[in-house]
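Undergrad: Fold the stuff below for me.
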Amino acid sequence: MKECGFESRSAHWNTDSLMPGPIRVFGGGAGGILERSGRSMANESTDKIKARVTAPSASRRELEVEVDAVETAREFEKTLAEYASRAGLPGFRRGKAPKDMVKRLFYAEIKDAVIEALAPRALRESLRAEQISPVGTPVIREVIFKEGEPFRFKAVVEVLPEFELPPYKKIKVKKREVTVGEEDVERSLEELRQKSAEYVPAADRGVADGDYVVVEWKGKDLKTKRLLPTEKVLVLAGHPDNEKTLNDHLSGLHPQETGRFVISYPADHAQKKLAGRTIEYEVRVVSIKEKKVPELSDDWAKDLGEYENLTVLREKIRQELLKAKEETARRDMGDEMVGDLLGKLDMEVPDSLLAEETRGLLSRWASSLPREIPAGQMEELKQKAREQARRNIKESLVLTKLAEREKIAVSDEEIEEEIKSMAKKNNIPLAQLVENIHQEGRREDLRNTLRLRKAVDFLLQNAVLY
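TA: Residues are numbered from 1 along each chain as shown. Presented below is the predicted three-dimensional model:
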């Protein structure tokens, strides 16, 4: 049978109406909905609509759907009447043209309208009767429509795979020992001290490495004699990313003093507008600010706002480092236990979910990647994302099923506490974060994330540590 052009129009349907319940598992609100076998849901359309379902794989269902001739004819007559009521044909007032004439002139459009009305409805009823919850958008093909005959088509849908959980209690996992040494505390204390640094005007001296320097920057192309636009820029003196010639000539200059130097840029220079050019620069120091790092003292600790003295601050840092290391150890142990469960499962992942999760991972990774990536590395990155996506989906399915089995739930109060924690950790006003979550509809995503986290906690609570 020939595949018609109807499939390409399926993207215009309201796909939500084809899905009896939530089916997303990772990133938001899975509910662990899986396909159930049998025909237990009777409805008024089951006599008019027949479906035969086959399962070519664990995550794929194929349906052959038939709408009886009477129902098909009724839909055709209804659509023809709608066209006739709107048709404006020469010699007839609008809506008064004979139906036979309207049918002859608009047969192709009427036929397409009937198909687009019947197919989604018939598929929706068939999925409901068969208790199938599709993942992604169903694909309809091989549509057969002939007047006086039943309307037939085939549909392919992906579903979440059915599987049995392996034994998940008393999994053996090596305990991670967690300690916080004095060097860890001192390192964190120094990082905090550097963050507390202030930049103050440097008095009676020239530029030194580490200073923030405002310079007026002029340039001239020595080959074309063209002048570059004058700019006022902020430079971190001595930074390794600066041109070495700039660092060398800027060092020691006092405010209002000028330095001149020439830079010949290679043909493959990162800034294409400078590549291959020789530029003579003139830089004038406008101002210098030096970094002043506070001394380790009780007064500094008090200035941070929460600590009585330096001893209290050290202890707070120690506690936070210990908590962070314990969380890392817990996460590593949880990953190991989940990996143990996944290793005992041969689970097929729906292609549509795999593609969606892979795209999401690549999108999140993009911010930390260079703008231009060699083709070979890009393919490796895509493969890495695909493998990670496959694990993410399997992990979510397993933990969701475990949470259902153990009746693990997340209360509204737990969600509120998590939002408060997120706001504090990311230094975002609580009201703003609450509004963002509400506008983006992420509250149930958050509930699902917490539920999966509690499922991992359940594994750890029932583990055998050695």
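
Undergrad: ranges for the helices of the stretch 251-400 of the chain?
TA: Here the stretch 251-400 of the chain has its helices, by DSSP state H, counting those that start in this stretch, at 298-303, 310-343, 351-366, 375-405.

Undergrad: show me where pLDDT drops low in the stretch 251-400 of the chain?
TA: For the stretch 251-400 of the chain, no stretch is flagged by pLDDT under 70.

Undergrad: helix or strand for residue 62, which one?
TA: If you go by DSSP states H and E, residue 62 is part of strand 60-67.

Undergrad: same for that strand, what does it pack against?
TA: On a contact count with 3 or more Cβ pairs under 8 Å, 6 or more residues apart in numbering; DSSP states H and E, strand 60-67 meets strand 49-57, helix 107-130, strand 151-158. Every residue, glycine included, has its C-beta placed from N, CA and C.

Undergrad: let's see 10 Å
TA: With contacts defined as 3 or more Cβ pairs under 10 Å, 6 or more residues apart in numbering; DSSP states H and E, strand 60-67 has these neighbours: strand 49-57, helix 69-86, helix 107-130, strand 135-144, strand 151-158.

Undergrad: strands paired with the fourth one, and their directions?
TA: Each strand paired with strand 135-144, and its direction, by DSSP bridges: strand 151-158 (antiparallel).

Undergrad: what comes into contact with stretch 303-313?
TA: 185, 189, 192, 196, 294, 296-302, 314-317 (Cβ atoms under 10 Å, 6 or more residues apart in numbering).

Undergrad: For it, buried residues please.
TA: Buried positions in stretch 303-313, judged by neighbour count with 16 or more other Cβ atoms under 10 Å: 307, 310, 313.

Undergrad: Phi first, then psi, for the first one.
TA: For residue 307, the backbone dihedrals are phi -120, psi 140 (criterion: degrees, to the nearest 10).

Undergrad: and it, how far is that from residue 315?
TA: 9 Å (Cβ to Cβ, to the nearest Å).

Undergrad: I figured residue 412 hits residue 450, correct?
TA: No. Assessed by Cβ atoms under 10 Å, residue 412 is found out of contact with residue 450, at 11.0 Å.

Undergrad: More neighbours: which of those two?
TA: Taking neighbours as other Cβ atoms under 10 Å, residue 412 and residue 450 compare with residue 450 leading, 18 against 9.

Undergrad: ok now do that one, which residues does it touch?
TA: Here residue 450 is in contact with 408-411, 414-415, 417-418 (Cβ under 10 Å, 6+ apart).

Undergrad: among these, which ones are buried?
TA: 408, 410, 415, 418.

Undergrad: among the contacts of stretch 303-313, who's most crowded?
TA: Using other Cβ under 10 Å as the neighbour criterion, residue 301 leads those with 22 neighbours.

Undergrad: Counting neighbours, which bits of stretch 347-355 end up buried?
TA: Result for stretch 347-355 [16+ other Cβ under 10 Å]: buried residues 347, 349-350, 353-354.

Undergrad: Let me know the closest of the residues you listed to residue 286.
TA: Proximity of the buried residues of stretch 347-355 to residue 286, judged by Cβ to Cβ, is greatest for residue 354, which lies at 55.6 Å.

Undergrad: so the closest one touches residue 390, yeah?
TA: Yes. Counting by Cβ under 10 Å, residue 354 touches residue 390, with 6.1 Å between them.

Undergrad: and of the helices and strands packed on strand 60-67, who's closest to residue 221?
TA: strand 135-144 (56.1 Å).
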